[in-house]
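**Student:** task: produce atomic coordinates for the following.
(one chain, ligands or ions: 1)
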Amino acid sequence: MGQKRGRDPKAQAPESKKRKKAAKSGPAADDDSWDGVVGIDDLNWTEVALPDRLEDATGFLGLEEIDGVDIIRSSGGGEVQFKAKEGKPRKSILKKPSAENNGEEWDGFSDGEPNEKPTAVPAETQPAKDEKKTKNKKEKKVKETKPKEAQPKRDPNLKVGLSFAALEEAGEDDGADVSAWDKLGLSPEILTSLSKLNFSTPTTVQKSCIPAILDGHDVVGKASTGSGKTLAFGIPLLEHYLEKRGKKEDEGKKPKSDPMALILSPTRELAHQLAKHIGDLITNAPDADARIALLTGGLSIQKQQRQLANADIVIGTPGRVWEILSTGSGLIRKMQGIKFLVVDEADRLLSEGHFKEVEEILGALDRKEQGDFPDMDEQEEVAEEEPSVRQTLVFSATFHRDLQQKLAGKSRWTGGDLMDKKESMEYLLKKLNFREEKPKFIDVNPVQQMAEGLKEGIVECPAMEKDLYLYSLLLYYPKHRTLVFTNSISAVRRLTQLLQNLQLPALALHSSMAQKARLRSVERFSSPTSNPSSILVATDVAARGLDIKGIDCVIHYHAPRAADTYVHRSGRTARAGAVGKSVIICAPEEVVSVARLAAKVHARNGNKGPIKKLPLESLDIDRRVVSRVRTRIELARKITDSTIAKEKISAEDNWLRSAAEDLGVEYDSDEFDESQGKGRGRGGGRHQKEKQASSITKSELAGLRAELKHQLSQRVNIGVSERYLTAGRIDIEALLRGEGNNSFLGHLDPLDF
Ligand SMILES: Nc1ncnc2c1ncn2[C@@H]1O[C@H](COP(=O)(O)OP(=O)(O)OP(=O)(O)O)[C@@H](O)[C@H]1O
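**Tutor:** Numbers count the residues shown, from 1 in each chain. This next block holds a predicted model:
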């Protein structure tokens, strides 16, 4: 078991105080007396542009103007001075710095030279940044044509990192009023970024966690899904970066290229999203050029190695992080200097399949003995590193209840078999080697685990009719972006094809897909321009952390196997204060486990036993809908099963044929099946079914497709007969106008859920 590292937890406190002071004191960090009042020449005047047509002109042509200022008259009554309007960052009204401040442009990570200069942001966010830089360059050119005396005179006392650099784009910014963040004492760069991102108010978890992290504490943060946990740790990380960089610049030193933070994520998609989210914060913070290395499987390892060599923040999945650390040269030593270790979705990351790699990484970060690093060259071995001051930040929406109580100091260590069980979270939390005896446990919503705007429902149906009920449910909510969860990869494959055959825009996501295809599915599903009825069919690889705007509904096609999975799956909707629905399609044999998990999730005040009534609303799908779409489902199933079986058999056949060729023998598939006893014994039924499904001929398949197409071209008629239509019993005009649910013909009570 690792020992507590020798470090005074309070050692960082003076630094934090200084940071707060700097943030409060305005652009000149040394100038405590600045009251935000500036003279006319300090303002960021912009020229009034000429409109295309003169009659469209408003304002003063040929003059300069400025927004967002209040006029102050000096006590003598003579000179006019200015102050930023309430709610606007004070420095946002100031003149921009001269061109000399602009650093070199960055070309992005590439597979080219190993000595390339790395970036401030992850590869994905780079194009936007590059575009912005090009734009700034153009603007600069225009400004350079101004007479020289128009350039502001720089106060030699002003610090670049913390002062004017923060104003570069702030003057043009129409972002949100961020005064609600004032109490957190953040730097102007970060306030500008939050304003641009339109994050006007910190969320509860951000309000509680940011000050604790900035004060140097280890933090275990628990808050419901979609409540903004990423920035709760992302903001302090960037604060630390800016502060350190400012210090180095003051001392005239070059900033070190060693990473300052490692963020571990359980899935690739989440790692990409974290990089994007934190990358956005960096990109929008003027002149904050922190660099992110994204280490996930499925993408070029060499490129990631190079990124890591020059990164400030490393984000990755444990497997790839360990793969790179254990083979790279001197990388473990570099990583030992990190100031923050963030374990996101901790309960997942610290259990199940990730255990081994996480343990390796943690072990390597804390290893002290010399000569213990096969990847370290001699010079590095000699170099004395400053003692480790790592803060550990652990976040999730769900935590093991015992652990929760233990960390909150409410119960004693239960010991016994928990300690013996290697996978147990308690063991690994010890491994995390918090530097404080008791990390701060911040539980934002100890009672309610689910997001406030979430409605939970259940649809009960026979196990073999889940397709039918899923499809019916989707027809009830035609304009809903929906995420469908299943418990297996084969179910994802089958359901995606089934829904596609039913002409629904379905995409697949599971861990056996190539990484690029995985990212493409998420991108296509989440793009604001994508079909608002998009459906993503996924395994639990999408259950954790994925932040996709506008998911209206989560459907559990298979009941989740554990309560935390239910919380995280459902948490993909109703995020950041939005509303959403979560519906379990439940077969009779799943009812008991669903009731158990719902009771766990909704148990009040510390799991005092199951609650009596199922806390999920029972949804009644109209029987007429189910019976009228049955033929569609049968046709779509036949087509899907046949396509999948054909693909499978042809893949197996190809493999056997080429193996036979290699061996120089003849291959006959029927003979081979006979010899393998296929069709008899265990699995024989499935094999027979596959054979049968694949034996549908091309023309039969075409017939089925044509029949399905015909069915789909008509609305589902739920009780409107010709007689009614002609007798004027329904509003044909309204039907033609496309009012109501377009999928149905006739009146259908909505689910009101
Ligand atoms: N202060 C804020 N104001 C408004 N929106 C915010 C704020 N902070 C974060 N958000 C937005 O809220 C959404 C959810 O944030 P985030 O992904 O960090 O949630 P989370 O708590 O980590 O969720 P999960 O537990 O599911 O991983 C994101 O789209 C993010 O951009």
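**Student:** which ones are touching the residue in the stretch 301-450 of the chain positioned nearest to the ligand?
**Tutor:** The ligand sits closest to Ala397 of the stretch 301-450 of the chain, with a gap of 4.1 Å, by CB to the nearest ligand atom. (C-beta placed from N, C-alpha, C; glycine too.) For Ala397, the contact set (CB atoms under 8 Å, 6 or more residues apart in numbering) comprises 222-225, 227, 229, 449, 567-568, 571.
**Student:** so which of these reach the ligand?
**Tutor:** Among the contacts of Ala397, proximity to the ligand is found for 223, 225, 227, 229, 571 (CB under 6 Å from any ligand atom).
**Student:** can you say which of those are buried?
**Tutor:** Neighbour counting over the ones next to the ligand among the contacts of Ala397 (16 or more other CB atoms under 10 Å) leaves 223, 225, 227, 229, 571 as the buried ones.
**Student:** quick revisit: next step: the contacts of Ala397 restricted to strands.
**Tutor:** Using DSSP state E, the subset of the contacts of Ala397 located in strands is Lys222.
**Student:** related to what we said a few turns ago, what would the ones next to the ligand among the contacts of Ala397 look like in JSON lines with pLDDT and distance to His480?
**Tutor:** Listed next are the ones next to the ligand among the contacts of Ala397 as JSON lines, based on pLDDT from 0 to 100; distance: CB to CB, whole Å:
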{"residue": "Ala223", "pLDDT": "89", "distance to His480": "26"}
{"residue": "Thr225", "pLDDT": "90", "distance to His480": "18"}
{"residue": "Ser227", "pLDDT": "92", "distance to His480": "22"}
{"residue": "Lys229", "pLDDT": "95", "distance to His480": "26"}
{"residue": "Gly571", "pLDDT": "94", "distance to His480": "17"}
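**Student:** of all those, which comes closest to Ala288?
**Tutor:** Lys229 (20.9 Å; CB to CB).
**Student:** can you tell me the SS state at the residue nearest to the closest one when sequence neighbours are not counted?
**Tutor:** Spatial nearest neighbour of Lys229, chain neighbours left out: Phe395 (4.8 Å); criterion: CB to CB, 6 or more residues apart in numbering. Judged by DSSP: H, G, I helix; E, B strand; the rest coil, the three-state class of Phe395 is strand.
**Student:** Phe395 against Ala232, yeah?
**Tutor:** Yes - taking CB atoms under 8 Å as the definition, Phe395 is a contact partner of Ala232 at 7.2 Å.
**Student:** tell me, what's touching these two both at once?
**Tutor:** Gly221.
**Student:** ok, now which ones touch Ile696?
**Tutor:** By CB under 8 Å, 6+ apart, the contact set of Ile696 is 638, 642, 704.
**Student:** for the ligand, what are the nearby residues on the stretch 251-400 of the chain?
**Tutor:** Proximity of the stretch 251-400 of the chain to the ligand (CB under 6 Å from any ligand atom) is limited to residues Ala397.
**Student:** show me where the stretch 251-400 of the chain has its helices.
**Tutor:** Along the stretch 251-400 of the chain, counting by DSSP state H, counting those that start in this stretch, helices occupy 268-284, 301-309, 318-327, 331-335, 346-349, 355-366, 378-382.
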